[in-house]
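Chemist: Let's see this in three dimensions:
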Amino acid sequence: QVQLVESGGGLVQAGDSLRLSCAASGRTFSSNTMAWFRQAPGKEREFVARISWSGASTYYTDSVKGRFTISRDNAKNTVYLQMNSLKPEDTAVYYCAGESAHVYEYWGQGTQVTVSS
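Modeler: This next block holds a predicted model:
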């Protein structure tokens, strides 16, 4: 059974930092693109960042560029999202996703990030 388990969310103030982790089990994702998405209350789920299998290539949505950094440790089958200079508009449930055959087939249960002003 494949599982993605996110952790590291919480309640912080604007300007603070958080580091999210996504630990995979049941299969290795070392050859797959991994990504982070988020869903704010009343809004659709949106893409945040993705990282190639090797970590050499990353891509971010404009609203988090320069503030968020995605990384991975294939030996630990884990993906991270370092979030700095957090803003109230970053408040959302953050989901980890694993790609397979060009589709994000695997999803975690999400971790809540709340940023107070």
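
Chemist: how about the nearest residue to the residue nearest to the spatial centre of the chain, chain neighbours excluded?
Modeler: Centroid check for the chain by C-alpha atoms, centre = their mean gives Trp36 as the closest residue, at 3.0 Å. Once flanking residues are discounted, Trp36 sits nearest to Val48: 4.3 Å by C-beta to C-beta, 6 or more residues apart in numbering. Backbone N, C-alpha and C define where each C-beta goes, glycine included.

Chemist: again, but for Gln3
Modeler: Leaving aside its chain neighbours, Gln3 sits nearest to Ser25 (4.9 Å; criterion: C-beta to C-beta, 6+ apart).

Chemist: burial count for the one you found?
Modeler: Neighbourhood size, Ser25 [other C-beta atoms under 10 Å]: 11.

Chemist: just Tyr60 next, same as before
Modeler: Neighbours of Tyr60 (other C-beta under 10 Å): 18.

Chemist: Model confidence score at it, please.
Modeler: Listed pLDDT for Tyr60 reads 98.

Chemist: what bridges to it?
Modeler: Ala49 (DSSP bridges).

Chemist: doesn't Ala49 make contact with it?
Modeler: Yes: contact criterion C-beta atoms under 8 Å: Tyr60 and Ala49 qualify, at 4.7 Å.

Chemist: Need the overlap of contacts for these two.
Modeler: 68, 70 (C-beta atoms under 8 Å, 6 or more residues apart in numbering).

Chemist: about what we covered before: how about the contacts made by the residue nearest to Gln3?
Modeler: Taking C-beta under 8 Å, 6+ apart as the test, what Ser25 contacts is 2-3, 5, 77.

Chemist: Thank you kindly, that will do.
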